[in-house]
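1. What follows is a predicted structure for the sequence shown.
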Amino acid sequence: MRNQHECGSVVKVFNQKLQMEGFQMTLKEKYDVVIVGSGPAGAGAAKALSGSGLDILVVERQKMPRYKMCSGIVFPSSRKFIEENFGEIPRDIMCTPEIIKGNRVFVTNEDPVLEVSFDAFDAGEDSAGEGFNTWRSDLDQWLISQSDAAVADDCSFESFQKSGDEYQIQVNHRKTSKPVTCRYIIGADGTLSRVRKTLYPDFNQSIVRIPNYEEIYTGTIELDPGWLYLFMDRSVTGYFATIFHKDDKIAVVTGVNEKESVKEYFKVFKTHLLKNHGLQIKETYATHGIVLTDMSAQKNYCLGDANVLLSGEAAGFLRGGEGITSSLASGYAAGKAVVESEQSGKPAIDYYLDLAADELKACETVHATLTEVMGYNVFMRP
Ligand SMILES: Cc1cc2nc3c(=O)[nH]c(=O)nc-3n(C[C@H](O)[C@H](O)[C@H](O)COP(=O)(O)OP(=O)(O)OC[C@H]3O[C@@H](n4cnc5c(N)ncnc54)[C@H](O)[C@@H]3O)c2cc1C
């Protein structure tokens with residue numbers, strides 16, 4: 001059993017990727033901007049800062065290309081954002097089936113399947129159409145390589161301290177720790193952001209964590225691979241369970257309230273699939289866990305302060321269950337806010353609040369649409 005998708009297709013070498021063997025020598029002491037996290041939010045920020053003349057470092061905790069637990073479907077709104085700001089998505093980062101037609105939802109186990117097109121996740125971009133199927137490791141590696149930022153993988157941000165107009169950051173690479181100074185920090189480090197925790201140590205008390213667990217199989221199931229399946233019946237999930245196909249693999253996921261046992265729910269869901277959807281497992285290829293939060297559904301956003309900005313899921317951005325668009329767009333807004341701040345000398349947060357306003361509204365619009373279609377907000381289940 002492997003615990004990571006082995007990425008074979010993309011693997012572009014970053015132009016400025018640091019040689020980690022010489023970590024102490026090659027990581028500079030000072031950067032203008034440090035972006036924490038190399039997911040879509042980090043890539044959006046790095047792209048917006050490209051060509052600004054600022055010295056940018058992205059630190060990524062995992063070794064790249066890194067596995068990100070996600071259906072990996074590039075919804076039409078993300079496709080549009082990527083095509084406009086990054087260029088055409090290379091075919092070699094897609095997996096099969098390349099096209100995903102939309103969502104098929106079992107509101108209860110007994111109900112007939114409900115088809116929900118990707119239009120429900122469109123917040124006015126007029127981006128109707130189909131989704132692209134990708135492994136996130138490939139997609140994210142390609143996105144981050146489209147900027148002129150230096151990327152240090154296998155390097156984790158630990159904390160920061162303010163010192164005059166600068167921030168002193170502690171970066172760890174395996175057992176080595178190094179201080180790095182910068183003038184701006186963009187926290188793009190996902191749901192349980194350490195940047196957010198450093199800035200607001202008590203913030204996590206205001207959120208509900210939604211642990212998700214995934215098993216990836218080789219085998220077969222009687223569900224059309226060209227759709228993303230959602231199951232909402234309370235017997236198989238605390239919130240929603242999903243099934244999607246990637247190449248010859250079938251991924252099965254369920255998510256629960258933090259007070260419930262995700263593995264217990266998973267067992268019930270798996271039995272349901274074995275009995276009712278013809279799941280036949282040849283081999284369990286990988287297992288993963290991740291945490292979602294209710295921040296976006298509750299409009300409990302956390303955008304940062306002064307020259308420390310939070311973007312993507314670290315800030316709470318999520319359009320229902322779709323997060324690639326929101327993370328790219330909010331990361332991009334954070335990058336642009338830094339550029340504006342450099343020119344005026346005003347804090348970056350002053351610009352970010354304006355630049356991110358459209359994406360906040362988009363999240364709200366999509367949550368409202370999905371609530372109408374599904375009958376309730378799947379992130380706010382009692
Ligand atoms: C089961 C599931 C299915 C989903 N399916 C879809 C889908 O099909 N389409 C879609 O659009 N969205 C989907 N989403 C949502 C989407 O995955 C997220 O919204 C999106 O990845 C958030 O992007 P981000 O850049 O904010 O964070 P992430 O993609 O989580 O990236 C954060 C990065 O920060 C790094 N990091 C964390 N802490 C540190 C640290 N201390 N130092 C350095 N680096 C750090 C992490 O390793 C990670 O690489 C799904 C989510 C889940 C859980």
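-> Done, it's in. Everything numeric here is computed off the predicted structure, so don't read it as measured data.
2. doesn't residue 212 make contact with residue 255?
-> Yes - between residue 255 and residue 212 a contact is recorded at 4.0 Å, counting by C-beta atoms under 8 Å. Heads up, the C-betas are built off the backbone N, CA and C, glycines and all.
3. quick one, which of the two is more surrounded?
-> residue 255 (26 against 23; other C-beta atoms under 10 Å).
4. gap between that one and the ligand?
-> Per C-beta to the nearest ligand atom, to the nearest Å, residue 255 is found 7 Å from the ligand.
5. which residues sit in contact with that residue?
-> Residue 255 makes contact with 210, 211, 212, 213, 237, 238, 239, 240, 241, 262, 292 under the criterion C-beta atoms under 8 Å, 6 or more residues apart in numbering.
6. What are the contacting residues of the longest strand seen in the chain?
-> The longest strand of the chain (DSSP state E) is strand 280-293. Strand 280-293 is touched from outside by 1-5, 67, 69, 191-192, 207-221, 239, 249, 255, 262, 313, 316, 318, 379, with contacts defined as C-beta under 8 Å, 6+ apart.
7. Show me what from the chain comes close to the ligand.
-> By C-beta under 6 Å from any ligand atom, the part of the chain that sits against the ligand consists of 36-42, 59-62, 66, 68-73, 75, 78, 156-157, 188-190, 194, 212, 242, 253, 290, 292, 312-314, 318, 321-324, 327.
8. Go through those residues and flag which are in strands.
-> 36, 59, 73, 156, 157, 212, 242, 253, 290, 292.
9. Which parts of the stretch 251-382 of the chain are helices?
-> 262-276, 324-344, 348-355, 357-374 (DSSP state H, counting those that start in this stretch).
10. Out of those, which one sits most buried?
-> For the helices of the stretch 251-382 of the chain, average neighbour numbers computed from mean count of other C-beta atoms under 10 Å are highest in helix 324-344, which has a mean of 26.
11. which residues do residue 255 and residue 212 both contact?
-> By C-beta under 8 Å, 6+ apart, the residues touching both residue 255 and residue 212 are 262, 292.
12. so how far is the host helix or strand of residue 80 from its chain's centroid?
-> Element membership for residue 80, per DSSP states H and E: helix 76-85. Its chain's average C-alpha position is 15 Å from that of helix 76-85, according to C-alpha atoms, centre = their mean, to the nearest Å.
13. could you say what helices and strands it packs with?
-> Helix 76-85 makes packing contacts with helix 40-49, strand 131-134, helix 324-344 when contacts are defined by 3 or more C-beta pairs under 8 Å, 6 or more residues apart in numbering; DSSP states H and E.
14. Which of the ones you listed sits closest to residue 82?
-> Closest approach to residue 82 among these is made by helix 324-344 (7.0 Å; C-beta to C-beta).
15. Average pLDDT for the closest one, rounded please.
-> The average pLDDT within helix 324-344 is 98.
16. So what's the gap between it and the chain middle?
-> 16 Å.
17. What of stretch 262-270?
-> 24 Å.
18. Next: stretch 267-283.
-> The answer for stretch 267-283 is 27 Å, by C-alpha atoms, centre = their mean.
19. Can you give me the first-to-last residue distance of that stretch?
-> Chord length of stretch 267-283, first to last residue, is 16 Å (C-alpha to C-alpha, to the nearest Å).
20. residues in contact with whichever residue of the stretch 151-300 of the chain sits closest to the ligand?
-> Closest residue of the stretch 151-300 of the chain to the ligand, C-beta to the nearest ligand atom: residue 190 (3.2 Å). Residue 190 makes contact with 37, 39, 312, 313, 314, according to C-beta under 8 Å, 6+ apart.
21. Many thanks, we can stop here.
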